[in-house]
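Chemist: Could you work out the structure for the sequence below:
(chains A and B)
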Amino acid sequence: MPCRKLAWWLLAAPLACAAADNAPAPERRAELVDLVRQDCGSCHGMTLQGGLGPSLGPAALAGKDAGQMRYVILHGRRGTPMPPWRDFVSEAEARWIVDLLRKGFPR
Amino acid sequence: MRPVALFFLALLLAGCAAAPLRGTGDLGLVVERAAGSILLVETSGRSTVARVEGLGDLSHASAVYSRDGRYAYVFGRDGGLTKVDMLLARIERRVVQAGNSIGGAISQDGRLIAVANYQPGGVRLFDAATLEPLASIPTGSKVVGIADAPGNRFVFSLFEAGEIWVVDPSDPRAPATVKLRSIGKQPYDGFITPDGRHYVAGLFGEDGLALVDLWNLEAGARRILSGYGRGEEPLPVYKMPHLRGWAVAGRYAFLPAIGRHEVLVVDTATWTEAGRVAVHGQPVFAVAQPGGRRVWVNFAFPRNDVVQVIDVPGRKVVQELRPGRAVLHMEFTPRGEQAWVSSRDADSVTVYDTASFAPLARLAAARPSGIFLASRAFATGF
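Modeler: Reported below is the predicted structural model:
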């Protein structure tokens, strides 16, 4: 294997692992999708097009910082009704949710 | 063919053509929020009559009724306004009137429908018969807590602006608006008392509520129950409470305390706090049973699998029911003998006997949320 290709693999391997760690188990994924659609949905709308809270659709989130979004999910936003969800969602799960929201959240 | 046979054939055909006559007084609808459908139900036999589909996005849907109780007007999240024929179990008319809607009201005379919108923020008026758009009242703010008021008026609150507006649509194409400013921070919902005199807005951004005496609009809004949280930091709110005229039990109103595991008891003669009741979680709905003897309460996520019943004279919880996870709504029959309770995650509506608390029936429904009985047609604020 040429040296450059090997270096690429060495770099990519930890990233791939991180991505795998990031994804919750299948049953938990279903729970999280339900949580986002139903419970986040009570303010953001079940279709996530917004309500009392803003839209969480890909277009609305384009250009927003992923880290900041994760922080808001976990810790809420002062001065607004957005509560902290850290008792119900882990950091990795918040990362997974943000990822999916940006791509278009599953049904 | 012999005349007798002809007669029976005619009878048979007539039977096929028309369902038996019936009233709508014991009918109602259950919102199936994820499916975009509603179930038509009846409370005499406690059964499902029909399912009507094609109402769009029904998350946070609500409904009001025509003054004859025949038609339901269903307000969907996607801005859809659907007029449903309760007897023929079909959609009569439907318009999509805004991008994002929160609820609506029907005027005292039954001729106008007002829809409260988040996006674009404002209220739109429609002809109740035809759903023809009549007027648009932009607010620049999310509209919450819309209610009909005597004098054929509509009252609502503005979340960002912290205002209460009173609209007089005597000329429905050019309605007149009275704006009450600085009523408090972030009103999240509002209700009108059953006598139609007072409008109360719950405040999210501060400890307290705003009160308007509609008999004396010039006096503006005043703050009541200021500082009911006694300076304690409120808990995070995972679901906004809802307010309606059902909160009033006799002389007292029972209101969800925001961010607290408490129901506030307010004396409506003086609009001062008369007590508070410790409950299982943060209340979402506190609904007085007709007659005002008891108040049923459901709760916000994650404590939303329980309904508690408060005894009004004793001001304490006397019963706890577990109809299934995610209890989203409760509705009493007009004389209060039954309570209909929806559990989203149990995919069911449970009907309770309010005297014995025994479950009388359990109806299958797909992720049910709101339950709206046709008797709402005859009450101010519904």
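Chemist: is it true that residue B:66 touches residue B:128?
Modeler: Yes - the pair residue B:66 and residue B:128 qualifies as a contact (Cβ atoms under 8 Å) at a distance of 6.5 Å. To be clear about C-beta, it is placed using only N, CA and C from the backbone, and glycine gets the same treatment.
Chemist: Identify the contacts common to those two.
Modeler: Residues within reach of residue B:66 and of residue B:128 at once, by Cβ atoms under 8 Å, 6 or more residues apart in numbering or on different chains, are B:73, B:106, B:110.
Chemist: List the neighbouring strands of the helix or strand harbouring the first one plus their orientation.
Modeler: Put plainly, it is residue B:73. Assignment of secondary structure by DSSP states H and E places residue B:73 within strand B:71-75. Using DSSP bridges, the strands paired with strand B:71-75 in its sheet are strand B:62-65 (antiparallel), strand B:80-85 (antiparallel).
Chemist: what does it contact?
Modeler: The contact list for strand B:71-75 (Cβ under 8 Å, 6+ apart) reads B:29, B:31, B:38, B:55, B:58, B:61-66, B:80-86, B:92, B:101-104, B:106, B:113, B:115-116, B:128, B:372, B:374.
Chemist: List the buried residues of that strand.
Modeler: In terms of neighbour count (16 or more other Cβ atoms under 10 Å in any protein chain shown), strand B:71-75 has its buried residues at B:71, B:72, B:73, B:74, B:75.
Chemist: Deepest in the core, which of the strands paired with strand B:71-75 is it.
Modeler: Greatest average neighbour count among those goes to strand B:62-65 (a mean of 25), per mean count of other Cβ atoms under 10 Å in any protein chain shown.
Chemist: could I get it in PDB with only the CA atoms?
Modeler: Coordinates of the C-alpha atoms in strand B:62-65 are reproduced here as PDB (Å, rounded to 0.1, in the frame of the first residue of the first chain):
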ATOM      1  CA  SER B  62     -58.200  22.100  18.400                       C
ATOM      2  CA  ALA B  63     -61.800  22.500  17.400                       C
ATOM      3  CA  VAL B  64     -64.900  24.700  17.900                       C
ATOM      4  CA  TYR B  65     -68.500  24.000  16.800                       C
END
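Chemist: which non-adjacent residue is nearest residue A:76?
Modeler: Among residues not flanking residue A:76 along the chain, residue A:84 sits closest, at 3.9 Å (Cβ to Cβ, 6 or more residues apart in numbering or on different chains).
Chemist: ok so the one you found is a helix residue?
Modeler: No - counting by DSSP: H, G, I helix; E, B strand; the rest coil, residue A:84 is not found in a helix; it is coil.
Chemist: Show the model's pLDDT score for it.
Modeler: The model reports residue A:84 with a pLDDT of 97.
Chemist: Likewise for residue B:77?
Modeler: What the model reports for residue B:77 is a pLDDT of 88.
Chemist: before we move on, what about residue B:100?
Modeler: Among the per-residue scores, residue B:100 shows a pLDDT of 84.
Chemist: How about it, nearest residue that isn't a chain neighbour?
Modeler: Computed as Cβ to Cβ, 6+ apart, the closest residue to residue B:100 that is not its neighbour in sequence is residue B:119, at 3.7 Å.
Chemist: hmm, back to that, could I get the strands paired with strand B:71-75 as JSON lines with mean pLDDT?
Modeler: Rendered in JSON lines, the data for these read as follows (pLDDT from 0 to 100):
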{"stretch": "strand B:62-65", "mean pLDDT": "98"}
{"stretch": "strand B:80-85", "mean pLDDT": "97"}
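Chemist: These: which one's closest to residue B:325?
Modeler: When the strands paired with strand B:71-75 are compared by Cβ to Cβ, strand B:62-65 sits nearest residue B:325, at 22.1 Å.
Chemist: quick one: contacts of the closest one?
Modeler: B:29, B:31, B:71-75, B:103-106, B:113, B:370, B:372, B:374, B:376-377, B:382.
Chemist: Flag the shaky bits of the chain, pLDDT-wise.
Modeler: Just going to use chain A. Applying pLDDT under 70 to chain A picks out residues A:1-22.
Chemist: Chain B was what I was after
Modeler: Applying pLDDT under 70 to chain B flags residues B:1-18.
Chemist: where's residue B:155, which helix or strand?
Modeler: Short version, using DSSP H and E: residue B:155 is in strand B:153-158.
Chemist: what's that strand packed up against?
Modeler: strand B:143-149, strand B:163-168, strand B:187-192 (3 or more Cβ pairs under 8 Å, 6 or more residues apart in numbering or on different chains; DSSP states H and E).
Chemist: how about the last one, does it get close to chain A?
Modeler: I take that to be strand B:187-192. Yes - taking Cβ under 8 Å from any Cβ of the partner chain as the criterion, strand B:187-192 and chain A are in contact, through residue B:188.
Chemist: Against which helices or strands is that strand packed?
Modeler: With contacts defined as 3+ Cβ pairs under 8 Å, 6+ apart, the secondary structure elements packing on strand B:187-192 are strand B:143-149, strand B:153-158, strand B:198-203.
Chemist: any chance of those strands in JSON lines, plus mean neighbour count?
Modeler: Shown next, in JSON lines, are the helices and strands packed on strand B:187-192 (neighbours: other Cβ atoms under 10 Å in any protein chain shown):
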{"stretch": "strand B:143-149", "mean neighbour count": "25"}
{"stretch": "strand B:153-158", "mean neighbour count": "27"}
{"stretch": "strand B:198-203", "mean neighbour count": "26"}
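Chemist: can you redo these as TSV with distance to residue A:70?
Modeler: As requested, those are arranged in TSV below (distance: least, Cβ to Cβ, whole Å):
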stretch	distance to residue A:70
strand B:143-149	29
strand B:153-158	31
strand B:198-203	30
